[in-house]
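let's see this in three dimensions:
(2 chains)
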Protein chains: 2
Amino acid sequence: MFKTIEWKKDKVVLLDQTRLPEQEVYVECREVSELADCIRRLVIRGAPAIGVAAAMGIALGAGKIKTGDVRKFRSEVEKICTMLAATRPTAVNLFWSIDRMKKVVDVYAGMGIEVVKERLKKEALKIYREDIEINREMGKQGRELIRDGARILTHCNAGALATAGYGTALGVIRAAKGEGKKIEVFACETRPVLQGSRLTAWELKKSRIKVTVLTDGAAAFLMQKKMVDLVITGADRIAANGDSANKIGTYALAISAGAHGIPFYIAAPLSTIDVRIRSGKEIPIELRSGEEVTHIQGKRFVPQGIKAWNPAFDVTPAEYITAIITEKGIVKKPYLRNIQKIMKS
Amino acid sequence: MFKTIEWKKDKVVLLDQTRLPEQEVYVECREVSELADCIRRLVIRGAPAIGVAAAMGIALGAGKIKTGDVRKFRSEVEKICTMLAATRPTAVNLFWSIDRMKKVVDVYAGMGIEVVKERLKKEALKIYREDIEINREMGKQGRELIRDGARILTHCNAGALATAGYGTALGVIRAAKGEGKKIEVFACETRPVLQGSRLTAWELKKSRIKVTVLTDGAAAFLMQKKMVDLVITGADRIAANGDSANKIGTYALAISAGAHGIPFYIAAPLSTIDVRIRSGKEIPIELRSGEEVTHIQGKRFVPQGIKAWNPAFDVTPAEYITAIITEKGIVKKPYLRNIQKIMKS
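Take a look at the predicted model:
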């Protein structure tokens, strides 16, 4: 099996997701700036995986700071955090993870720089291990929603590749499969970066789960033809009212699922819920380069001079979401109250 | 300006749409089998253009039949019609055009083979010229639906490239622009064949109409962000009740438009209406090779062994369609009655 991200002595190793499924190549980051670049270039992507990568990046970067002065050390760590926070704006797990690492600095700074460096490494590894555990727990919570023989539509990649391992949406599917249920997955290709056709198909093939790829525009017709029973996706940030940001195209699937009476589920860890944000309107949406749309493999498909609009995410209003699957249980409407409740549990 | 299709002495010349926007190359068909192959390979596509191509194909093929025996001649023409009818199943204009050409054979067969050959050429050219006229008329009928400053979303290519010239959906946009209205177009890229980003963007750029490309999955988010005022697409076949088949992805746009209270219009000639078909359920939907989805420019993006589901069209139920713009006027609900009325007008 592959490892999406791994901490090795003095370096962070990433499976290069820009080159899948053709090549299974690992990238070694010895500097935090390299890791930040990998996050920006989508070498590693997926909200939980970005969170883990940021934590490891801080541990890596902090470990290389050469100073005996605590104040200077803290200021250098702060710079690393600022750099990592600037890589991608939408997934809240990134900021959640950075905050958690900063707290380690606060708590252990009085014990000296070497102690802080050691504790940062431990915390990064803890975030990594916890993420896998959380995904498995999410799978256990969510698998009851999937009946034997279910045909499931998913979007983008919310699998082992988007997390430390196992996956959120695909984790729930894995857990249902693990109970002996027969499962069939339909993966939207997910333009422009094709995480569905490249990554989800690759990962499910490795796990021997039947998968068929389709264009994003074909999903509504799949529903009309009664070829799909439910939709599950991940999320990059969930507001206090349940509005959820996820890969561009998710909102269209949620509207179509609603129109066909098909349940639309989100699977995400509590770290993806941003209770400071009241509604989806406040979620910052990353606009990526139009070249992701105009070019494929370096070849330009759109005439010269014509621009593309390329938001990386969209926001699905809570009303379209049947339930949110978390590691602590399945959250249903009314989301404002029930999200508060589960965050306190 | 370009010519989508042109009759030249003893050959039919097509602008090769598989190579746009990179190259503006024309393909010369001297045999009807070559033309049939071009229709299959999407060198020429779009319901009205396919209708014109079939008519010219019959004229071309009939002109080359070497026999003095009328019965044998008619049987050869019949074979040509059968071959052309088998190229693509969804667009009804193909069958409408073949039927019209067959009637010419019926009417003139008594006057000898040479007369029939001449009349078939004349009829093909008439269908060609009529198509341009019909598109211009459709534009005049539909332009009132577009206000000054309108931001219009379209899907696939329903322009000059999809017709003998001018276009259906894009024809309405041209007509509104011709009245001096300021127009901005958003073109869904239209996976898998990218007719939106390759063809619509190319054609609108030539006509100096502002166009921005987006992925099909981003359209619902564009609507949520109030960046679009109306949607117009073409159609490949419209049933008696108004259900409309069009390029895959259209149905998702119609559902999203409905959810956002944005009008969803179809622009199509009466020849696209198939009154023999009661509802969209009876419209045959072409399933094309999964390779259109799994491969881009010959490069495979989906892991080996994983299949793609690739319907070329979907069916939008009439309830989602605000109005159908035809050359005889704008048809609104109830469609069953109002379509009957306009077909008789």
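
need the next SSE after the longest helix along chain A, C-terminal direction.
Under DSSP state H, the helix in chain A containing the largest number of residues is helix A:113-142. Scanning forward in sequence from helix A:113-142 by DSSP states H and E, the next helix or strand is strand A:150-154.

now do the helix or strand that comes right after that next one: distance to the chain's middle.
With elements assigned by DSSP H and E, the helix or strand that comes after strand A:150-154 is helix A:169-178. Computed by C-alpha atoms, centre = their mean, to the nearest Å, the chain-centroid distance of helix A:169-178 equals 16 Å.

returning to that earlier point: which of the residues in the longest helix of chain A are buried?
A:113, A:116-121, A:123-124, A:127-128, A:130-132, A:134-139, A:141-142 (16 or more other C-beta atoms under 10 Å in any protein chain shown). Backbone N, C-alpha and C define where each C-beta goes, glycine included.

how about stretch A:330-341?
A:I330, A:V331, A:Y335, A:L336, A:N338, A:I339.

contacts only, for the residue nearest to A:L214 when sequence neighbours are not counted.
Counting by C-beta to C-beta, 6 or more residues apart in numbering or on different chains, A:L214 lies nearest to B:W309, which is 4.7 Å off, once chain neighbours are set aside. Applying C-beta atoms under 8 Å, 6 or more residues apart in numbering or on different chains to B:W309 gives the contacts A:F186, A:T212, A:V213, A:L214, A:A218, A:L222, B:L287, B:G290, B:V293.

pLDDT on the strand or helix carrying A:M101, on average?
Using DSSP H and E, A:M101 sits within helix A:92-108. Averaged across helix A:92-108, the pLDDT comes to 97.

next one: stretch A:17-26
96.

so which residues make contact with it?
So stretch A:17-26 is contacted by A:2, A:13-16, A:41-45, A:161, A:195, A:198-199, A:201-202, B:300-303 (C-beta under 8 Å, 6+ apart).

ok, now which ones touch whichever residue of the stretch 51-200 of chain A sits closest to chain B?
Residue of the stretch 51-200 of chain A nearest chain B, by C-beta to the nearest C-beta: A:R191 (4.2 Å). Counting by C-beta under 8 Å, 6+ apart, A:R191 makes contact with A:T215, A:D216, A:G249, A:V293, B:E189, B:R191, B:T215, B:D216, B:G217.

would you agree the fourth one is in contact with B:C188?
It stands for A:V293. No: judged on C-beta atoms under 8 Å, A:V293 makes no contact with B:C188 at a distance of 10.6 Å.

give me the more crowded residue out of those two.
Set A:V293 next to B:C188 and count neighbours by other C-beta atoms under 10 Å in any protein chain shown: B:C188 wins out with 31 against 24.

quick one, grab the pLDDT at the more buried one.
B:C188 is given a pLDDT of 98.

in this structure it contacts B:G217, no?
No: using C-beta under 8 Å, B:C188 makes no contact with B:G217, being 9.0 Å away.

shared neighbours of those two, which are they?
Common neighbours of B:C188 and B:G217 (criterion: C-beta under 8 Å, 6+ apart): A:G217.

any idea how far A:K344 lies from A:A240?
13 Å (C-beta to C-beta, to the nearest Å).

who has more neighbours out of these two?
A:A240 (19 against 6).

give the full set of residues in contact with the more buried one.
A:I273, A:D274, A:V275, A:R276, A:I277, A:R278, A:S279, A:L336, A:I339, A:Q340.

gap between the longest helix of chain A and the chain center?
On C-alpha atoms, centre = their mean, the centre of helix A:113-142 falls 15 Å from the chain's centre.

and that helix with helix A:169-178, angle?
50 degrees (axes from the mean of the first three to the mean of the last three C-alpha atoms, to 10 degrees).

just the CA trace of stretch A:35-43, in CSV.
Output of stretch A:35-43 as CSV, limited to C-alpha atoms (Å, rounded to 0.1, in the frame of the first residue of the first chain):
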residue,chain,number,x,y,z
LEU,A,35,6.8,21.3,1.5
ALA,A,36,4.8,24.6,1.2
ASP,A,37,5.4,24.5,-2.5
CYS,A,38,4.2,20.9,-2.7
ILE,A,39,0.9,22.0,-1.0
ARG,A,40,0.5,24.8,-3.4
ARG,A,41,1.2,22.6,-6.5
LEU,A,42,-1.3,19.9,-5.2
VAL,A,43,1.5,17.3,-4.8
